[in-house]
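Peer 1: need coordinates for the following:
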Amino acid sequence: MDEQLFFSIAKHRMTLVGIDGSYTKALATDYIMISPGQTMDVLIEANQPPGYYVMAASAFDNGMGSMGHMMAMDSMSSMGPMPVQTVTTAFLHYTGLHCSPPSSPMLPSLPGYNDSHAANNFTSHLAHHRKNLDFYLRDVEEHLFFTLSENLINCGANKCKGEMGMMNKASINNISFVKPQVDVLQAYYYGLHGVYDEDFPAEPPLKFNYTGMNMMDRRLWEPEMGTKVKVLEYNTLVEIVFQGTSVVSGESHPMHLHGHRFYVVGWGFGNFDPKKDPLRYNLNNPPQMSTVAVPKNGWTAIRFRANNPGKF
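Peer 2: This is a model prediction of the structure:
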């Protein structure tokens, strides 16, 4: 469910014009790469001879299995077989046809399952349809740095079937969400106490080599369980840097923000450098989205204005 997908149509180029309901700068392309929970508006021109044309999608590899960094591996062979690229297909067919689909259709050209060059090339060409947005995005008032991790917790008296007999969890800044008995917004409105805490951390409680293979420290892979919120002042311009980690496993993480659209001002691989990386931000025409994929062992920076009061 967290894999990005390459998508292509045989003998048809596409023009990307929107993402998540926001216009983009028109991008002519042979393939797109879409994230879970994301929508893309694509135009195609039916300019081929009437027939059946294969639409195909395949996953972009996001790394090893969930225990990839916690297992001691003596050799590459201990990792097991490499992933097999599977392809899902459907037909685009023109009206007026009086024949059946071919039994052995020709597939469109798709990037390989681990073709990071193709993935980066597509992502780097995404842009807003308007320019000169820096006046709206430059004066950040709230900086947040969120680490995204896969974690493990003990199962107590129950016997788990997960890794090492433990249960998988996900966390942001080492906090794994616990669903409360009373809705958070309802508790806020009625002034109910004990439902949630307003101390969600603006940065991780422990700084470490986020993308390194040093994950045996229990403080990293066992999260704190809680219902914590981050309170923002109305109309604040917020920057969030989502930092992927290799805790338990390095994976690509799709991130969605309810109630807002945000601008993706930067992304990269490795650990985010707060001094150097912002110098490469695109504040002129960054793409606007509501869902974005944080690359495996990498980071993504977004900016948005907190102008829609509510619980998100």
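
Peer 1: His117: what secondary structure?
Peer 2: Three-state call for His117 (DSSP: H, G, I helix; E, B strand; the rest coil): helix.

Peer 1: contacting residues for it?
Peer 2: The contact partners of His117, taken as CB atoms under 8 Å, 6 or more residues apart in numbering, number zero. From N, CA and C alone the C-beta is placed, and that goes for glycine too.

Peer 1: what helix or strand is the residue lying closest to Val17 once chain neighbours are set aside on?
Peer 2: Leaving aside its sequence neighbours, Val17 sits nearest to Asp41 (CB to CB, 6 or more residues apart in numbering; 5.1 Å). Element membership for Asp41 (DSSP states H and E) is strand 40-44.

Peer 1: and that strand, how far out from the chain middle?
Peer 2: Computed by CA atoms, centre = their mean, to the nearest Å, the chain-centroid distance of strand 40-44 equals 20 Å.

Peer 1: what pLDDT, on average, does the top strand by length along the chain get?
Peer 2: In terms of residue count, the longest strand belonging to the chain (DSSP state E) is strand 142-153. Regarding strand 142-153, the rounded mean pLDDT is 91.

Peer 1: list the neighbouring strands of it plus their orientation.
Peer 2: Strands that pair with strand 142-153, judged by DSSP bridges, come out as strand 167-172 (antiparallel), strand 236-244 (parallel).

Peer 1: following the longest one, which helix or strand comes up?
Peer 2: Next along the chain after strand 236-244, taking DSSP H and E as the criterion, comes strand 253-256.

Peer 1: tell me the buried residues in that next one?
Peer 2: For strand 253-256, burial by neighbour count (16 or more other CB atoms under 10 Å) applies to 253-255.

Peer 1: min pLDDT across those residues, which one?
Peer 2: Lowest confidence among these: His253, with 87.

Peer 1: so that one touches Ser35, yeah?
Peer 2: No. With contact taken as CB atoms under 8 Å, His253 and Ser35 are classed as non-touching, separated by 9.5 Å.

Peer 1: any shared contact partners between those two?
Peer 2: The contact lists of His253 and Ser35 share Ala293, where a contact means CB under 8 Å, 6+ apart.

Peer 1: quick revisit: what lines up beside the strand holding Asp41 in the sheet?
Peer 2: Strand 40-44 is paired, per DSSP bridges, with strand 14-19 (antiparallel).

Peer 1: give me the contacts around the strand it pairs with.
Peer 2: With CB under 8 Å, 6+ apart as the criterion, strand 14-19 contacts 8, 23-24, 26-32, 38-44, 126, 287-289.

Peer 1: out of those residues, which end up buried?
Peer 2: When these are checked for burial by 16+ other CB under 10 Å, the buried set is 8, 24, 27, 31-32, 38, 40, 126, 287-289.

Peer 1: just the pLDDT for Gly68.
Peer 2: We note a pLDDT of 40 for Gly68 in this prediction.

Peer 1: buried residues in stretch 236-253?
Peer 2: Buried residues in stretch 236-253 (16+ other CB under 10 Å): 237-253.

Peer 1: right, I mislabeled it, should have said stretch 45-56
Peer 2: Buried residues in stretch 45-56 (16+ other CB under 10 Å): 51-56.

Peer 1: report the buried residues of the least confident helix or strand in the chain by mean pLDDT.
Peer 2: In the chain, no helix or strand scores lower on mean pLDDT, DSSP states H and E than helix 218-221, which sits at a mean of 77. Going by neighbour count (16+ other CB under 10 Å), the buried part of helix 218-221 is 220-221.

Peer 1: swap in stretch 279-294?
Peer 2: In terms of neighbour count (16+ other CB under 10 Å), stretch 279-294 has its buried residues at 281-283, 285-294.
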